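>>> Attaching a predicted model along with its sequence, questions to come.
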Amino acid sequence: MPTLTIDGREITVDPGTTVIQAAEELGIYIPRYCWHPGLKIAGNCRICQVEVVNPKLKFPCTIACNLMCGDGMVIETDSDEAKKARADVMEFLLINHPLDCPICDQAGECTLQEFSYEYGHDKSRFTEEKVHKSKRVQFSDQVSFDGERCILCTRCVRFCRDVVGNEELCLVERGDHEEIAVANGGGLTNPYSMNVIDLCPVGALTSSDFRFKSRVWFLEETPSACTSCARNCAVDIGTRWDKVMRLKPRENEHVNKWWMCDEGRLNYHYVNAADRLGYAYVQQGGKLVRTSVDDAVAMAHELIGKLPAEKLYGLISARLTNEEIFLAKRYLDQVAGAAGVGFLPRIGEGDDFLISADRNPNARGAGLIGVSAAKGLAADIKAGKVKGLVIFGDSFDHDEELMGALADLDFLVVMDYRLSETAKQADVILPGVTFAEKEGSITNIDGWVSKLNPALPPPAEARRNLDLLAGLLGRAGQDVPDTAEGVFRLLAETVSAFTDISYGEIFAASRQVATDAVVKAD
Amino acid sequence: MSLKPTNILLRGMEKESSATIENYISEDGYKALEKALKEMKPEEIVAEVAKARIRGRGGAGFEAGRKWGFLPKGVDKPVYLACNADESEPGTFKDRHIMEHCPHRLLEGCLLACYAIGSKTGYIYVRGEFPGAQQSLWRAIDEAHEKGYMGEKILGTDFSCEIYVHTGAGAYVCGEETGMLSSIEGGRGHPRLKPPFPAVEGLFRCPTIVNNVETLSNVPFVIHEGADAFLALGTDDTPGPKLFCVSGHVEKPGCYEFEAGANLKELLEHCGGVWKGRKLKGIIPGGASAHILKPDEIDVSMDFGSMARAGSILGSAGMIVLDETTCIVELLRNALEFFAHESCGQCTPCREGTGWAKKIVTRIEAGEGTMEDIDKLWEVADNFEGMGGKTICALADAAAWPTKSYVEKFRDEFEEHVRLGRCPMKG
């Protein structure tokens, strides 16, 4: 275990630790472009210069990313020598850079800007013609490339090669004409391609989905989790003008490291879509008529109460949070006495990296709470065994069998965030919310519990799902909490798998939002 | 040290048939291999080579025997030999001579090295522009197979070894040892971060010894005649024979063999002096990347230590002689065009800096520079020079040394370009 001194502070580290990592442990941030904790060391950008204090060295500076900590080593990260070495690299990086920050999408989250502010010169000594390179190249439908902004750090190349395992991106040409390119005239087609946009420390790789929509400093970023599959990748939801503008992966060592898939990243447009439910509706004379949410909750409860309990079935979406599923099940079990509850399974194609074949984000949580996949529901409706159906947070517009069976029901109650074809058949529609508008926890395929945070208010008169569910339970005289925290406590008291998880562990930590208590509980 | 001719590395070269195995055998060829395989253990070879202190003839001057000793012990991986025959330092053509005229000496050196380091496979990475050397080596490899010096169970012993020629595609940076390994593996010729050094993790991530052609060609002599015979030649700093490549404005350019430590001034006289009776302007002693020496600085011994003390490098011993009509600014522009073009593009300072320096000196040469440009040129070079700290490999240093030394030693000539607004040498 080598002990070294960095900026006058001693630290003992594991063998094999590099100086950039050891400094990070001390809270000392050394600038970097090519180095990334999730990628192999390239050592090409040379910005992470530190001074190795040793009078024998003619050139005392070297890169911290490939410098293994040695016993007795003395490192200065902020000495005049180190700062000059960084300033020199900064100058070299900028001579051929177009300096087009005013129109660059990366502006505001560009480390070239940041380190230039710290180490750059106020004037350029470069009076030559800049090198011109490829501009506006679409590497794929989603990723655009600007060769002149690129600083050749090769993070994108290494991500494709070392993390995804293909060689879709490569280097071409040499010297100051070197460029990133798609290999062999192919495309950037891997399902994780958009991570190169986050990895790119400058504005060379930008998102076709997000570019030119908003300056990033106007975005509000809310830590949350992706709900597109059972992986639950940690994300930041970027919002502005009450709309989701983008999703970006957030580091979570247990769930997704630094990455997320393109499908999940782009799966937010429905939050901003025109078919969102802003109001409650009831069916009157073959037409949906807008009503107050409170009246709709009362009517739903009344309808459900009229039907003999053995004819009632509840679909509780495995897209809902642990808390929502818990309250929905409690209502259906304890109040309505439904004959059955279940969730609609969703299976797609998975891989051995992040994408789970289970496209329900919270099937694991649903299972732990006692809701399993629904079976033979259409047949049961057709056979008259189910006459009343309550759907919490789901729809089956493309399931012809289930859609065809709806006509045989006495009543249908739907709580959802959008006016789906399924919802249009309902007697009562309760306007709920999406993942972006609510707080709660979800349990991923491996048992890690992550937290969703509200990035937006519910649209118009729509209400948080927990409010609607607590309202239904309230109608039956059950006083339950309507906050995610309160319901989680109730859940943890009731469902053993969650007992060891403290609320604070999931809900307070801003970066590490998972706990393995559920895994242990298995 | 005065000039003392030796006849070891280029022995027999004057004959038409010098490259044939018959000729090589007639001059004691492959006797060292036979002695090694039948009488010596691999570690004895390593010890003998270490004792001889053969300093790396590619230019870095690192002792071959010490390098061989860095191989990790008890690793369950194949060990490779990679002979660096990419000889692409401008002004250097000694390895080409060995490969074209005495290929078997190199092959015997490779086989001895493989036996010593426990390798069954050696690669000779031959520069793409050397088709003659490639053909010569391929013929020699066939001959060596026929005579039983290469292949399975060499000379009836348990030692089996194959040597392959890998042809380069014309990149200077592939002469950097790890750039060469990347190229042999089929990748871009990108030098690699060190550590790990090739001896620990080299070709195909296996322990690899990289030696230059001339270095390996010294090994048969060391084994056949003994390390003491080798140590009796040259200087204490750099023992053994040495090839010197003399080119430029000189009466008798060529590849000469003398004991290491030959006096540079005497060597110039031996080669007939500056051509056309002109005066000497300077000598670049160790390939284009070396610091220039002015006429009053050339009374120096051509070994690694003496050259360093003289403020330059022995490098590849590619001596470029410059007469009084040479425009130093043009010379630097030519050199920087080369280095900027050959920069692999990985490291920021080299990628951006060499191109920048090239543009500045191009303007000065065209008479469009300013006095500030001269300082800027020096500073830019100073900012990308850094012996491994600022860049992965030494290509940036190779570009910085001529730039800084030309500006320092011939500043008046740069200033004259600025003052006149044109090249003073071209009227």
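Received it, and whenever you're ready, just let me know what you need.
>>> got the phi/psi numbers for residue B:216?
Main-chain torsions, residue B:216, degrees, to the nearest 10: phi -70, psi -30.
>>> Assess the claim that it and residue B:116 are in contact.
No: at 10.9 Å, residue B:216 does not count as touching residue B:116 under the criterion of Cβ atoms under 8 Å. C-betas here are computed from N, CA, C, even on glycine.
>>> More neighbours: the two, which one.
Taking neighbours as other Cβ atoms under 10 Å in any protein chain shown, residue B:216 and residue B:116 compare with residue B:216 leading, 30 against 27.
>>> so what's the more buried one up against?
Residue B:216 makes contact with B:64, B:83, B:106, B:109, B:110, B:113, according to Cβ atoms under 8 Å, 6 or more residues apart in numbering or on different chains.
>>> What of residue B:327?
The contact partners of residue B:327, by Cβ under 8 Å, 6+ apart, come to B:365, B:413, B:423, B:424, B:425, B:426.
>>> Quick check: the farthest pair among the residues you listed?
Largest separation among the contacts of residue B:327 by Cβ to Cβ: B:413 and B:426, giving 12.4 Å.
>>> now the contacts of residue B:327: which count as buried?
Using 16 or more other Cβ atoms under 10 Å in any protein chain shown as the burial test, the contacts of residue B:327 include B:365, B:413, B:423 as buried.
>>> Make a markdown table from those residues and add pLDDT and distance to residue B:299 to it.
Listed next are the buried ones among the contacts of residue B:327 as a markdown table, based on pLDDT from 0 to 100; distance: Cβ to Cβ, whole Å:
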| residue | pLDDT | distance to residue B:299 |
| --- | --- | --- |
| B:365 | 97 | 31 |
| B:413 | 97 | 23 |
| B:423 | 95 | 31 |
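>>> Of these, which belong to helices?
Of these, the ones assigned to helices by DSSP state H are B:365, B:413.
>>> Of the buried ones among the contacts of residue B:327, which is the nearest to residue B:374?
residue B:413 (10.1 Å).
>>> Which residue lies closest in space to that closest one, excluding its sequence neighbours?
residue B:328 (4.9 Å; Cβ to Cβ, 6 or more residues apart in numbering or on different chains).
>>> tell me the contacts of that neighbour?
The contact partners of residue B:328, taken as Cβ under 8 Å, 6+ apart, are B:281, B:282, B:292, B:406, B:410, B:413, B:414.
>>> Relative to chain A, how far out is the closest residue to the fifth one other than its chain neighbours?
The one in question is residue B:410. Of all residues not flanking residue B:410 in the chain, residue B:328 sits nearest, at 4.2 Å (Cβ to Cβ, 6+ apart). Residue B:328 is 21 Å from chain A, where distance means Cβ to the nearest Cβ, to the nearest Å.
>>> Give me the three-state assignment for residue B:267.
Secondary structure state of residue B:267, per DSSP: H, G, I helix; E, B strand; the rest coil, is helix.
>>> so how many other residues sit close to it?
The tally of other residues near residue B:267 (other Cβ under 10 Å) stands at 23.
>>> what's the answer for residue B:115, then?
24.
>>> Tell me the backbone dihedrals of it, please.
For residue B:115, the backbone dihedrals (degrees, to the nearest 10) come out as phi -60, psi -40.
>>> contacting residues for it?
Residue B:115 is in contact with B:33, B:36, B:37, B:42, B:45, B:159, B:161, counting by Cβ under 8 Å, 6+ apart.
>>> tell me which parts of chain A are close to chain B?
Residues of chain A found near chain B (Cβ under 8 Å from any Cβ of the partner chain) are A:41-47, A:49, A:58-63, A:66, A:68, A:85, A:88-89, A:91-93, A:95-96, A:125-126, A:128-129, A:131, A:151-152, A:171, A:173-178.
>>> Among the buried ones among the contacts of residue B:327, pick out the one closest to residue B:303, please.
Lowest distance from residue B:303 to the buried ones among the contacts of residue B:327 (Cβ to Cβ) belongs to residue B:413, with 30.2 Å.
>>> Just give the number of residues close to the spatially closest residue to residue B:364 that is not a sequence neighbour.
With sequence-adjacent residues excluded and distances taken as Cβ to Cβ, 6+ apart, residue B:364 is closest to residue B:417, at 5.2 Å. Using other Cβ under 10 Å, the number of residues around residue B:417 comes to 26.
>>> Then the one 5 residues further on?
For residue B:422, the neighbour count with other Cβ under 10 Å is 15.
>>> phi, psi of it?
Main-chain torsions, residue B:422, degrees, to the nearest 10: phi -160, psi 180.
>>> I'd like the domain boundaries of chain A, if you could list them.
A:3-94, A:133-272, A:280-521 (automatic domain parsing).
>>> Now mean pLDDT and distance to residue B:318 too, for those, in JSON lines please.
Listed next are the domains of chain A as JSON lines, based on pLDDT from 0 to 100; distance: least, Cβ to Cβ, whole Å:
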{"stretch": "domain A:3-94", "mean pLDDT": "95", "distance to residue B:318": "25"}
{"stretch": "domain A:133-272", "mean pLDDT": "95", "distance to residue B:318": "22"}
{"stretch": "domain A:280-521", "mean pLDDT": "91", "distance to residue B:318": "51"}
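>>> Could you say which one of those domains comes nearest to residue B:123?
Nearest to residue B:123, of all those, is domain A:133-272, at 23.1 Å by Cβ to Cβ.
>>> OK, contacts around the closest residue to residue B:199 other than its chain neighbours?
Closest residue in space to residue B:199, ignoring its immediate chain neighbours: residue B:70 at 3.9 Å, by Cβ to Cβ, 6+ apart. Applying Cβ under 8 Å, 6+ apart, we find residue B:70 in contact with B:197, B:199, B:200.
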